[in-house]
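K.L.:
Whatever this is, show me its structure:
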Amino acid sequence: MKKLVFSLMAIACIAFTGCSKDDDDKNKCATCSIDFLGTALVTEACDNGDGTVTLTVNGESQVVSGDELEGATAAEFVQALEDGCP
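P.N.:
Presented below is the predicted three-dimensional model:
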């Protein structure tokens, strides 16, 4: 009986083990919500992994790239939003 329980536990551990590749989040996002004159402004910036950022403000999205990032990389742009959010 102990061998059966141990075998089932070993199989369960193997079955529920994920690959490290599954844990990688290439699209790192930062969300910031502020109250501006009684209105909540929600801004989200996501690094698309290709040098562009998807910027969403109150549900409206736009892809930002190149010169629009003002000399920052996509990752730096997203990090700046995360660091600057109160």
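
K.L.:
quick one: low-confidence parts of the protein?
P.N.:
Scanning the chain for pLDDT under 70 picks out 1-27.

K.L.:
Can you show me the helices along the protein?
P.N.:
For the chain, applying DSSP state H gives helices covering 2-15, 20-23, 74-84.

K.L.:
For the last one, which outside residues touch it?
P.N.:
Counting contacts by CB atoms under 8 Å, 6 or more residues apart in numbering, the residues outside helix 74-84 that touch it are 28-30, 32, 43, 45-53, 64-65, 69, 72. Heads up, the C-betas are built off the backbone N, CA and C, glycines and all.

K.L.:
if you set the cut-off to 10 Å instead, what comes out?
P.N.:
Helix 74-84 is contacted by residues 27-32, 43-55, 64-65, 68-73 when judged by CB atoms under 10 Å, 6 or more residues apart in numbering.

K.L.:
okay, how far is it across stretch 61-79, tip to tip?
P.N.:
In stretch 61-79, first residue to last residue: 18 Å (CA to CA, to the nearest Å).

K.L.:
Identify each buried residue in it, please.
P.N.:
Neighbour counts over stretch 61-79 (16 or more other CB atoms under 10 Å) mark 64, 69, 74, 77, 78, 79 as buried.

K.L.:
quick one: contacts for the first one?
P.N.:
Going back to what we said before, that points to residue 64. Residues in contact with residue 64 (CB under 10 Å, 6+ apart) are 45, 48, 52, 53, 54, 55, 70, 74, 77.
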